[in-house]
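Peer 1: Sharing a sequence plus its predicted fold:
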Amino acid sequence: MKNLIHNQRHHFFFKFILSTLFLMNISTVFGQEKKINDSTKINALEEVKVASTRLNKKSPFAFTDIKKEALERNNLGQDLPILLDQMPSVVTTSDAGAGVGYTGLRVRGSDATRINVTINGIPYNDAESQGTFWVNMPDFTTSVENIQLQRGAGTSTNGAGAFGASLNLRTLTPSLEGYATTSHSIGSFNTRKHNITFGSGIKNGFYAEGRLSKIGSDGYIDRASSDLKSFYAEAGFIHKQTAIKALVFGGKEITYQSWFGTPEAVVNGDRVGILAYINRNYSSTEETENLLNSGRTYNYYTYDNQTDNYEQVHYQLHITHQFTDHLSASLSGNYTKGKGYYEEFKGDQKLKKYFPDHINGNFRSDVVRRKWLDNDAYSLVYTLNYNTKNFNANLGGGYNQYDGTHFGELIKHQYTDLPVTNVNYYKSLSKKEDYSVYIKADYTFFYKLQLFLDIQARRIDYTTHGLSSDLKLLNVKKTYPFLNPKIGLNFAIHKNHSIYGSFAVANKEPNRNDLTKNPIEPQAEQLLDYEAGYRFKNKITHINLNGYYMHYNSQLVLTGALDEVGDPIRENVEKSRRIGIELEASIQPTKFFKLDFNITKSINKIKSFDYSVPVTEYDINGNKSYSTKITKYENTDISFSPNVTGGVTATFYPIKDLSVAYIQKYIGKQYLDNTSSEDKKLNSYHNGNLSIQYIFKPKSFAEISFNLLINNFYNKLYESNGYTYSYYDRPLGSNNPVTTENFYYPQAGRNFLTGVTLKF
């Protein structure tokens, strides 16, 4: 879902222009005299608002930091998950196949609903689905200073509980001097990105900064186009030990839907298999032509305006203060407004569904409908930090509230004697409140041994009522109280060597789909996370070796199937586990060469579960009966959890200002469901990218950067994601075998992006 209707198109840019002019006016009026020139102090104040949710080199958990400079190199239009592809234990996906539009991120096999995301300490995950939709904030990477990815339960944070990883983003540190930058890139599939960024510099304590971006792409998959716009505006005041920052940022997206992938036979070019698929699914003439003629870039949708439209705007206010050298605090507020719909064509629909007060018979019509989401989210988070040489403590927490309205609008049908539209053929209202408080402390004994303690109390209240999109009555009222303790030790063997270990408990509530679409009432999940590792760092080499054992109670695993809007369906399994070892290393023996690599080897198992397959039987008169066949499976692999992932980046600096990076990624075999069936899997794949960057500083510019990125250098054919479902369809008394339908998301072959950035 995502974006506003056509007559609001200019309203988006008006928001940016108005916000920026106002913020720039503040800087101009109040900032004529004195400049602040202590960048260390500014950065320290910026870190206060995220310090309590971040890890450091003494923390007994696995994490990876990535700075702005590393993000800039390949920031040519692809979404943030694609830019994080080389991080340890990470798998990325793209519905449109080229990294623009709907993209996804998994860590240690855990999907986006398990990854807690915060921006400046403010929760970003959607409250109901618990997912993250980066398509709503295109080019946000340009406004990010640094990112920390915590793997496993991690440290206590705000918002949706971390159940596999935490992604912590901090926006740009204010620039001491005024600047202006413009970036432009083009590439395969008509991909293009244009942005401008600017800042006033800090004058008399005041500053203002902004960005305006536009990204477009036709996509690798047929018709999977993206039309994305975003803005970022910030103003702040820094005086002595106080910093006040106000931000407004948002995005607007129109993407043609490509949620349902490509049938297995089409991916493989198996004409006999395609014809069998057509026969099984009673495809229309138009659908048959699409299946037979499209190839790997097949898109199920053909209606001209089968689009997802959404706009989302975030308003943040941060106040940080350094009371003494040891005591600091931060208070942050956020309001997020989101509204949009996806439009779709549906053939041969029963009109009584849309006009129950006007239709009595079995009248049918082709229709065009829109499914809307209109929501408001509010957050208030705080942290109090106390730091000394041997002792550090953080008190933090927050309150988050989400109010959402789901409703359906019929905008077109074939009967002239009925109303043209029906705005609310279904409607439901939802409210979610999230309360949390945590306290963390660490103490260093004998200069070498650090003890870490962390405990969080969290409570979630969720209600939803009304009619669902399939016209089922909703009446959900749930409360989930959680207590999440953590303990860890870090021992500094030597100034360059340390070992650590930790134990963490994480609990997580079901999401909206679990509660409204699951025939069995879902249970809350619990994770017991054991981590241990070794770190080494000197001027040349950095090594982090980490082992983990993640034991789950009632984990909500992906079944492999999707709902009507392409969201994964989940179900509880009583006991499951993930056991793995991660190696992350960086070596730079000379100024001309640097090698970064990581590898993860893991085992991801479900102890046992019941696998359900629907059965439809029919007699000679066509009368149908329905049942379910249940099979018990034991010690199977968890879906979408590769046993091996790895990445290598070799960067060469042959001459001044020129760098050439070869990037290799390997992802092991993944099963599409939890049965470990070789007939339902994603094959292992690897691909290589080539990145070239040349930076120079002519007299007329502060800097000019040229970038070239060649993706999938070897032109490999592979699929990064998929789904599956099975069923029995047979005459009464027969023994016809099960039918399984597999679908995949093919990724683009060799393709390129190239761009130039001018800094003034």
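Peer 2: Sure, I can see it. Computed from a predicted structure; not experimentally measured. Numbers count the residues shown, from 1 in each chain.

Peer 1: What residues of stretch 304-317 count as buried?
Peer 2: Within stretch 304-317, the residues scored as buried using 16 or more other Cβ atoms under 10 Å are Gln306, Thr307, Asp308, Asn309, Tyr310, Glu311, Gln312, Val313, His314, Gln316. To be clear about C-beta, it is placed using only N, CA and C from the backbone, and glycine gets the same treatment.

Peer 1: cool, stretch 541-550 as well?
Peer 2: His542, Ile543, Asn544, Leu545, Asn546, Gly547, Tyr548, Tyr549, Met550.

Peer 1: and what of stretch 327-345?
Peer 2: Neighbour counts over stretch 327-345 (16+ other Cβ under 10 Å) mark 328-330, 332-334, 336, 338-344 as buried.

Peer 1: tell me the average confidence for it?
Peer 2: Regarding stretch 327-345, the rounded mean pLDDT is 97.

Peer 1: Run through the helices of this structure in chain order.
Peer 2: 9-30, 39-51, 68-73, 80-83, 264-268, 271-280, 285-293, 512-517 (DSSP state H).

Peer 1: would you list the buried residues of stretch 327-345 in TSV and tack on distance to Ala62?
Peer 2: Output for the buried residues of stretch 327-345, formatted as TSV (distance: Cβ to Cβ, whole Å):
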residue	distance to Ala62
Ser328	26
Ala329	29
Ser330	25
Ser332	27
Gly333	31
Asn334	28
Thr336	30
Gly338	32
Lys339	38
Gly340	36
Tyr341	40
Tyr342	37
Glu343	43
Glu344	42
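
Peer 1: from those, which two are the most distant?
Peer 2: Spatially, the most separated pair among these is Ser328 and Glu344, at 50.3 Å (Cβ to Cβ).

Peer 1: Name the residue closest to the centre of this protein, please.
Peer 2: Thr132 (4.0 Å; Cα atoms, centre = their mean).

Peer 1: burial measure for Asn168, as a count.
Peer 2: Residues lying near Asn168 (other Cβ atoms under 10 Å) number 25.

Peer 1: Nearest residue to it in space, ignoring adjacent ones along the chain?
Peer 2: Leaving aside its chain neighbours, Asn168 sits nearest to Gln148 (4.5 Å; criterion: Cβ to Cβ, 6 or more residues apart in numbering).

Peer 1: ok, now Leu709?
Peer 2: Using Cβ to Cβ, 6+ apart and skipping the chain neighbours, the partner closest in space to Leu709 is Leu753 (4.6 Å).

Peer 1: how close does that neighbour get to Lys67?
Peer 2: Remark: distance between Leu753 and Lys67 (Cβ to Cβ, to the nearest Å) = 21 Å.

Peer 1: Tell me which of those two has more neighbours.
Peer 2: Legend: neighbour count by other Cβ under 10 Å for Leu753 and Lys67, higher for Leu753 (26 against 11).

Peer 1: Show the contacting residues for that one.
Peer 2: Counting by Cβ atoms under 8 Å, 6 or more residues apart in numbering, Leu753 makes contact with Leu76, Gly77, Gln78, Ser185, Ile186, Gly187, Ser188, Thr191, Asn707, Leu708, Leu709, Asn711.

Peer 1: Recalculate using a threshold of 6 Å.
Peer 2: Listed by Cβ atoms under 6 Å, 6 or more residues apart in numbering, the contact set of Leu753 reads Leu76, Ser185, Gly187, Leu709.
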